[in-house]
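A.B. asks: Pasting the sequence and the predicted model now:
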Amino acid sequence: MARTLSSDVHFHDIPDAIVSNIFSLITDTRTRNSMSLVCLKWHLIERSTRTSLTLRGNIRDLFLLPTCFRAVTDLDLSFLSPWGHPIFDSSSNPKLLAQLIHRAFPSVVSLTVYARNPSALQLLAPQWPGLSKVKLVRWHQRSPATPGSDFVAVFEHNHSLNSLDLSHFYCWTEDLPPALEAYPSVAASITHLNVLAHSSAEGFKSHELLAISAACPNLCELLATCVFDPRFIGFVGDETLLSLASNCPRLSLLHLVRTGSLCDARGDPDDEGYTSEDARISHSALADMFAGLPLLEELVLDVCHNVRDTWPAWEVLNSKCPRLKFLKLGRFHGICRGIDARPDGIAICSRLESLSIKNSADLTDSHLISISFGCPRLAKFEVQGCKRITEMGMNKLASILQKSLVDVKISCCKYLNAVCSLRALEPIQDRIQRLHIDCVWENVEQFGEVASFSGEAADLRHFSSEKRGGIWEDTSPWKRRKTFNDNGIDYQSRTWARVGELPCPGGN
């Protein structure tokens, strides 16, 4: 009897309220689109439960404006055509058009818009006074307006704003501070500020960074490109870091990176790793800054000049910031002393789950071993531009952390080519999920001795010993490497790495 009843039950018998809850848990756009094609009922439920939407098409085609996404809270208008032009310039009644967009999407609290000039925000910001998150996009030249005019409309109409993303918005660094100072109540409500300038070669100077931090005392997340070069007026140094911690003590995420670090070209493997100038950042100032940020969970510091003998600062970081799990450093030297077997410096940060070390000139194999013993929870480890580490050190680290390490990146390390890197990571070959190797593929003939999991030598006889391009394709559950010789003939070899992502050799 029970079997008969169960065979008659259909998915459509589930109450609509429960089906709506199931649909609302699905966030992948392609999956939702596929579900909406099943039947009319599913189409209506999908449209009524979607919360995120990127609107494309020509703004002139108002009859194509969708009106069935009433629950959308996250709206992206930055891809509307004609792209890059003020979206309301083609309309004879721009105010009416803004009202139509609001009527189609009445529940928006997060807005992304291409704001080539202030007019778009002057029309859109009043439509959703409850906006809490705004992302501005602009790759064109800044309009000739007074500093801060791009943000006036947002700050004037959206008093609940708590997140502002300007990472893809071309503007001058001096534009933001006066706007924040002119609207102190809005600035005080902002908890997330992203000014990692992908679209500009300029970084924030010391006085600008301090003005922003003073205007936004409740910041929990701050991401900014800065000027660390001591040859420039207004560089970021000890005093700036200490004042930043004093102004924003609630920071849980802090990214301070040098200008251009987001688009670094491949470094020279033969470079020793030291720059000609030292940054004006001391380990004592770093320690005092960490003492003032007890809620810190994620820290990224990537500077353009040497910061030497920093191991005492990382010990303070471990004791004063107990929530820290993510750490990324660039151009920091002396992060470990490595005098004896006892962990010190960064190696005592035992709660770290992700560690990235970039351009640390004196990082050695003994330091890697010390880190692996002192940081047993590491699930992600990245090393880039470190010229003194070898296969032995990476192999020891992988052996010690084989129960936790699942994500590894090795890039531009002098003694770690592709063959050595794969051989060093053999202890975690059955557990690794993501592997990024950005190395020169030298001595490819030896790869068969390293990469053959089944014992069959890789068929690479036709290859010379130069860098080769390739395509990694998933032949589950193992990875198979497909490469091509000069005649376009492909050769395949089974490799040990069962991973979720293997980029092309050489980082191409």
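C.D. replies: Noted; the coordinates are in hand. The structure presented is a predicted model; accordingly, all values stated were derived computationally and were not measured. Residues are numbered from 1 along each chain as shown.

A.B. asks: just for the stretch 101-250 of the chain, where's the confidence low?
C.D. replies: In the predicted model, the stretch 101-250 of the chain carries pLDDT under 70 at residues 199-200.

A.B. asks: now the helices: where do they sit in it?
C.D. replies: In the stretch 101-250 of the chain, the segments counted as helices under DSSP state H, counting those that start in this stretch are 119-124, 149-157, 176-182, 184-189, 206-215, 238-247.

A.B. asks: closest one to Val195 among the ones you listed?
C.D. replies: In terms of C-beta to C-beta, the element of the helices of the stretch 101-250 of the chain nearest to Val195 is helix 176-182, at 6.9 Å. Glycine gets a C-beta too; all of them are placed from N, C-alpha and C.

A.B. asks: Quick check: buried residues in the closest one?
C.D. replies: By 16 or more other C-beta atoms under 10 Å, the buried positions in helix 176-182 come out as Leu176, Pro177, Ala179, Leu180.

A.B. asks: What is the most widely separated pair among those residues?
C.D. replies: Pro177 and Ala179 (7.3 Å).

A.B. asks: Look up how far Ser36 lies from Thr191.
C.D. replies: Thr191 sits 35 Å away from Ser36, going by C-beta to C-beta, to the nearest Å.

A.B. asks: okay, the two: which has more neighbours?
C.D. replies: Each of Thr191 and Ser36 has its neighbours counted (other C-beta atoms under 10 Å); Thr191 has more, 20 against 17.

A.B. asks: give the contact list for the more buried one.
C.D. replies: In this structure, Thr191 makes contact with Asn162, Ser163, Asn218, Leu219, Cys220, Glu221, judged by C-beta atoms under 8 Å, 6 or more residues apart in numbering.

A.B. asks: Distance check, the spatially closest residue to Asp175 that is not a sequence neighbour against Gln127.
C.D. replies: Nearest residue to Asp175, sequence neighbours excluded (C-beta to C-beta, 6 or more residues apart in numbering): Pro147, at 4.8 Å. According to C-beta to C-beta, Pro147 stands 26 Å off from Gln127.

A.B. asks: Compare neighbour counts for those two and give me the winner.
C.D. replies: Gln127 (19 against 16).

A.B. asks: Touching, that one and Ala98? I think so.
C.D. replies: Yes: between Gln127 and Ala98 there is a contact under C-beta atoms under 8 Å: 5.6 Å.

A.B. asks: for stretch 349-356, which positions count as buried?
C.D. replies: Cys349, Leu352, Ser354, Leu355, Ser356.

A.B. asks: do stretch 416-433 as well
C.D. replies: Buried residues in stretch 416-433, counting neighbours by 16+ other C-beta under 10 Å, are found at 416-429, 432.

A.B. asks: so of those residues, which ones are in helices?
C.D. replies: In helices, judged by DSSP state H, the following of those are found: Ala418, Val419, Cys420, Ser421, Leu422, Arg423, Ala424.

A.B. asks: Run through the residues that contact the residue nearest to Asp175.
C.D. replies: Taking C-beta under 8 Å, 6+ apart, we find Pro147 in contact with Trp172, Glu174, Asp175, Pro178, Ala179.

A.B. asks: Then Ser132?
C.D. replies: Val109, Ser110, Asn158, Ser160, Leu161, Asn162, Ser163.

A.B. asks: Extract the CA atoms of the longest strand belonging to the chain and return them as PDB.
C.D. replies: Determined from DSSP state E, the single longest strand within the chain is strand 298-307. Presented in PDB, the C-alpha positions along strand 298-307 are these (Å, rounded to 0.1, in the frame of the first residue of the first chain):
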ATOM      1  CA  GLU A 298      42.200  38.500   6.700                       C
ATOM      2  CA  LEU A 299      45.400  40.600   6.100                       C
ATOM      3  CA  VAL A 300      47.100  41.400   2.700                       C
ATOM      4  CA  LEU A 301      50.200  43.600   2.700                       C
ATOM      5  CA  ASP A 302      52.000  43.800  -0.600                       C
ATOM      6  CA  VAL A 303      54.500  46.700  -0.800                       C
ATOM      7  CA  CYS A 304      56.900  47.700  -3.500                       C
ATOM      8  CA  HIS A 305      60.100  47.900  -1.500                       C
ATOM      9  CA  ASN A 306      61.900  45.800   1.100                       C
ATOM     10  CA  VAL A 307      60.500  45.300   4.600                       C
END
